[in-house]
Structure formats: structure tokens, C-alpha cells
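K.L.:
following is a predicted model, sequence given first.
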Amino acid sequence: MPNISREEVAHLARLARLAVTEAELDKFAGQLDVILQSVARVGEVAADDIPPTSHAVPLRNVFRADEIRPGLTQEQVLAGAPSVEDGRFRVPRILGEQA
Amino acid sequence: MSLSTADLLDYDEVLERFDPVLGLEVHVELSTNTKMFCGCPTAFGAEPNTQVCPVCLGLPGALPVVNGKAVESAIRIGLALGCEIAPWCRFARKNYFYPDMPKNFQTSQYDEPIAFNGSLSLELADGTVVEVGIERAHMEEDTGKSLHVGGATGRIHGAEHSLLDYNRAGVPLIEIVTKPITGTGARAPEVARAYVTALRDLLRALDVSDVRMDQGSLRCDANVSLMPRGATEFGTRTETKNVNSLRSVERAVRHEMSRQGAVLVAGGEIMQETRHFDESTGTTSAGRRKETSEDYRYFPEPDLVPMAPSADWVEQLRTTLPELPWERRKRVQTDWQLSDLELRDLVNAGALDLVAATVDAGAAPDAARAWWVNYLSQEANSRGVELAELPISPSQVARVAALVAEGELTNKLAREVVDGVLAGEGEPDAVVESRGLAVVSDDTALYAAIDDALAAQPDVAEKIRGGKVQAAGAIVGAVMKATKGQADAKRVRELVLERCAG
């Protein structure tokens, strides 16, 4: 039976870059537990001979020809960026945030 | 806690106490026209963020479609590595927050790689053959390029902010992963380099990538761990990234062995982490703490349908495989009648392609080999460049060889012609002309020089006439001197003897 701990919720929140308060950890642990239990029920019904479904449509091998198609201009690409420098997206420094 | 990177254990001592285990992950960018999941171009060096679209930027609502050519290349690579091809496989989302992927996940393959369980055999410089197992080759997309600004330019540490160019995001990538490579001992760094070299040659022969390590189209991550000698349980590994040349692969592995050795001998623990290789110092430094695969929360990509390469398709692709490097080496050895040593020298000099191209341009194999493996290799060494980077082409070398074969040039003159070409003086014929290097093949001119020499040394002339053939050497020498070395000594000797016989 699923039983998700506060620590696991905290870890998931960190991976998803979400700031979660102590109170929320308890709350989300409870809620996520309900979801996991519901999902676990499906596993009880599905026998070994029923493979898990990842796609609802029975399509295979949908491929595209290797032909160039027009994309966006640099101006369009950067139009929604909060910060831009030298034609590039400017973001806070990458490493060190987890240190 | 950080461990000093300055502490290194003497390499011999590392080997006395530990056995190294290697795992190499090579990423190769395919040379398709377009990206893995969209029609954006993949050309290197474009203005930043000009080869992007809603799909590779991960804009809401955009849907990816797999590039069929990339799948074809992946299967061909798998086949060339002796892998099994999965009859059914899917893409998966690898979730992580890092600005190099604007989607916040990378589309990759997880537990269903398209190719798995193969091997690549490589030959070390002394002829030792090492068989490296291939765990898998899977398809994924490349990430964007980050430029770290502030502090030491371009380096991650000390950077104040980062700039992102997504032109590379979504370029088709094949990741080829080895099984653990054990039992290589002192030769681990050499094996790592030989593996990447062999893989590069294979990918080049397949014509699926331009395999330029300097441009990042072939990249190697080196996993290294140490275990006490005789142990069977692997130690904790580190993964060194940013290894951008064949030489760096070797240096990075060697350095990491010495660094880990020092940590372990001092009673410390190896952190499972990503490390960055610094070309200038040959050392590695700690990077991001490795997330476990659980942390990536992989799941099957819902926006892409499964792939199921039919047996027919796979077999048809098998017929498109070119002559592979090891087959080619065997054929060349037979065709050119080379000893094992001669073949090895040729391969080690990196001259096989160049010699083959020179032979194709009309030169005799021996002559072509002599030029590239001996004379031009030395020249490349002294200039500190790769053989192929010398400013002389196989067809130019073939032309020089032809001039020698026709008797227009002596070997000595031919070297001067080659020097002229290398110095940018133009085509071989132009150098012959401008430097005045043609062999004096006009017998009339030679007779005149011979008569002068005989007249100048009447006693020698007398000896030759008396049957002392070996005395002719002095006259030949004098003639060669008079023609500034531009006569064919053998021909001069014939003419001297003829003159004295008459």
C-alpha cells in the first residue's frame, strides 16, 4: 500500500523546484497518497497478461522526412524572454543553486 | 565538503593497490539535415536562436514527430556495433530542471533502447586487441548551448549568469554506452582513447556524423572507478564530462585514477558526481552531484508513438553498411601487401585514409605510404598538427610520386617539391618550375658534364677505361655536384660507363 512520506514529498518538491512549507508537506503527502492508492487499484485489476498502456492510439512508426521546414526568427524566439543578451536567453547562473 | 583536487597518487601506486573500471558514454550528433523531432536545420555555427521552432523550444501545444532518417542512422550504428535491434521501443521523458532544455525534460530512451548488446574490438598501439562490450545505443536529442558569463569566461565556476542558445536543442543524438571495461590495469587510459578512436572511425565510415570532437559532434563522458586489486565489487564512480579530444580522453582517465587513488588511500570516500575536465591543466573538478535515475522520473513519451522496426527494414539497412574500418584494414593489408607492423604504423600514424586517397589518385601504395607515414608524419609532428591538416592533398602527393616514378624527380628533389607545396608555393608542377627542380634528363647536357668531369680527373678516367668500374663513383659524384643534384645518378653512371667503354 502506498504510503508517501514527508521526506519523499520534500524531495519531489526540490526536483520540481517548488518551495513547499512544512504544513504543505503534510497536506501534500496525504493528498498524493490518495492518488497513489487509486493508481495502485488499477494494478490489482490488471492481470499479468495485460501490458501497461502508454498510448491510446494503436499507431506505430510515425516518421517524418528529413526535410528542413521554416522555424521562428530570432526576434520571435526572444520576444517572450524576460531577459536577453547577445541574441540569447539570459538566465541566472546555472550551477551553485543546489550547493 | 570538498576534497582537494591537488592530491594525486602516483600512477604506479594506484595500479599497485587498485584495479580501474571504465565505462564510456559517447554522444554523437547525427548529420541529418533536420532535428530529431522537428524540421529545424542542424548546421553548426549559425547565429544564436535562429534554428528553432515551437517544437524544440517546448512551446505549449507543439507536437514532435520523429525524423525517420535519424532512426535509420541509429539502426545502422547499432548493426555496425553488432547490436540487437529492438523490435519495439519507445521514447521516454527524462525530467530535469536545467535551462539547457527549454521543455524541462529531454526526450530520450530509457529502458527500451533501439540497439543493445553489441561489441567493438579495438587495437592498441602495440597490436593488443581489446574487445569492448556495448551495453546499448539509444536515441535522444541534444541540449541547448550555455555560455557562462562573468568570472572566468565560459567556465561554470564563478559565472554570474548564463546565456542560452537553443539552436542545438533537439539535434539528433545517439548515445553509445559501453559495458563496464575491466582488467585493463595500467592501460585503462590508453584503452579509453583507443575505444573513442575506433568508434569515431566506425561512425565516419557509416557517414552518419561528421564526428568532430572539436565542434562537439562527438563527445565522450568517462566513468571511472577504482576497486581494491582483486576485488569484484566496483567502487563508486565519477563521470567526467567536457572531454573534447582523443588526447583529453586519455588524460582525463589517468588523472581521475590518480585523484581517486589519493582520496581512497587517505581513507576518504568517492562522491558519485559529475566532474568537469579542464583542457589546460589536465585536471578534473567537481560539478553537479549526480541525480539518480529515479530522480529523472522517466516515463514513456505520450506525444510520440512507439517504434517497431520490421525485420525487413533492419535487414535492408544491414545491406547499406559500408566496408567497416577493421574489414578495410584487412583488405588494405592484402592489397598493398603490408606486414602487420607496416599496417600498424600506417594506422597509428592516422594515415590510412590519406594513403588510400593517394593511391586512388594514381600513386603506388609503397610510395604513397612512404610519403605519409615517414616524411609527412614528421612534418605534422614538428608543426604539432594532425596529418590531415597539413596543407598538402593526396592528389598533390600522388603527383609528386608520379614525377619520381617517371624519373622527372629524384627522391631528394621530390622532398623539395613537397616542402614547396607545404610552404604554399602552389601545385607540385608549379614548384618544380619555380624552384627549377626538374631532373636533368637531357642526355646531351649530361654528356657535357661527364666529359668535363672526365677531363678534370684524367687518372680516374684512365682507371675506368682500364675496367675499374667502381672508380666511376667519383665521376658520378662530380656530375651530380655540377648539376646541383638534379641528375638521376643511376642514369649518369650508365652514361659514364658508356663513355669510357667507347
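P.N.:
All right, it came through fine. The structure presented is a predicted model; accordingly, all values stated were derived computationally and were not measured.
K.L.:
pretty sure A:Phe89 belongs to a strand, no?
P.N.:
Yes - under DSSP: H, G, I helix; E, B strand; the rest coil, A:Phe89 falls within a strand.
K.L.:
how far away is the residue lying closest to B:Pro394 once chain neighbours are set aside from B:Leu338?
P.N.:
In this structure, B:Pro394 finds its nearest non-sequential neighbour in B:Ala357, 3.6 Å apart by C-beta to C-beta, 6 or more residues apart in numbering or on different chains. Every C-beta, even on glycine, is put in place using the N, C-alpha and C of the backbone. Using C-beta to C-beta, to the nearest Å, one obtains 17 Å as the distance from B:Ala357 to B:Leu338.
K.L.:
next: B:Asp451.
P.N.:
When C-beta to C-beta is the yardstick, B:Asp451 and B:Leu338 sit 46 Å from each other.
K.L.:
B:Glu406 too?
P.N.:
25 Å.
K.L.:
can you pull out the low-pLDDT segments for the chain?
P.N.:
Picking chain A for this. Counting by pLDDT under 70, chain A shows low-confidence ranges at A:1-2, A:94-99.
K.L.:
wrong one, I was asking about chain B
P.N.:
Segments of chain B classed as low confidence (criterion: pLDDT under 70) are B:1-6, B:151-159, B:288-291, B:440-441, B:502.
K.L.:
show me the domain layout of it.
P.N.:
B:11-317, B:325-435, B:443-501 (automatic domain parsing).
K.L.:
now do the end-to-end distance for the longest one.
P.N.:
With C-alpha to C-alpha, to the nearest Å as the measure, domain B:11-317 spans 45 Å from end to end.
K.L.:
how far is that domain from where the chain is centred?
P.N.:
17 Å (C-alpha atoms, centre = their mean, to the nearest Å).
K.L.:
picking up where we left off before, so the residue nearest to B:Pro394 versus chain A, what's the distance?
P.N.:
According to C-beta to the nearest C-beta, to the nearest Å, B:Ala357 stands 28 Å off from chain A.
K.L.:
was I right about that residue contacting B:Ala388?
P.N.:
No - applying C-beta atoms under 8 Å as the test, B:Ala357 and B:Ala388 come out as separate, 10.0 Å apart.
K.L.:
name the residue in those two with the higher neighbour count.
P.N.:
B:Ala357 (18 against 14; other C-beta atoms under 10 Å in any protein chain shown).
K.L.:
using the three-state scheme, assign the more buried one.
P.N.:
Local secondary structure at B:Ala357 is given as helix here, using three-state DSSP.
K.L.:
for B:Ile181, what are phi and psi?
P.N.:
Torsion angles at B:Ile181 (phi, psi; degrees, to the nearest 10) stand at phi -100, psi 110.
K.L.:
find the nearest non-adjacent residue to it, please.
P.N.:
The nearest residue in space to B:Ile181 (C-beta to C-beta, 6+ apart) is B:Leu22, at 4.2 Å.
K.L.:
show me what the helix or strand where B:Arg275 lies is packed against.
P.N.:
Counting by DSSP states H and E, the secondary-structure element that holds B:Arg275 is strand B:273-278. In this structure, strand B:273-278 makes packing contacts with strand B:238-243, helix B:246-265, strand B:283-289, judged by 3 or more C-beta pairs under 8 Å, 6 or more residues apart in numbering or on different chains; DSSP states H and E.
K.L.:
try it again with 7 Å
P.N.:
With contacts defined as 3 or more C-beta pairs under 7 Å, 6 or more residues apart in numbering or on different chains; DSSP states H and E, the packing partners of strand B:273-278 are strand B:238-243, strand B:283-289.
K.L.:
how about the longest one: buried residues?
P.N.:
Within strand B:283-289, the residues that qualify as buried are B:283-285, B:287-288, counting by 16 or more other C-beta atoms under 10 Å in any protein chain shown.
K.L.:
in its sheet, what does that strand sit against?
P.N.:
Strand B:283-289 sits in its sheet next to strand B:273-278 (antiparallel), going by DSSP bridges.
K.L.:
ok, the first one next?
P.N.:
Its sheet considered, strand B:238-243 pairs with strand B:218-228 (antiparallel), strand B:273-278 (parallel) by DSSP bridges.
K.L.:
which residues sit against the first one?
P.N.:
Contact partners of strand B:218-228, identified using C-beta atoms under 7 Å, 6 or more residues apart in numbering or on different chains, comprise B:17-28, B:192, B:196, B:200, B:209, B:211-212, B:233-241, B:243, B:249, B:252-253, B:256-257, B:260-261, B:264.
K.L.:
distance check, B:Ala70 against chain A.
P.N.:
8 Å.
K.L.:
many thanks, have a good one.
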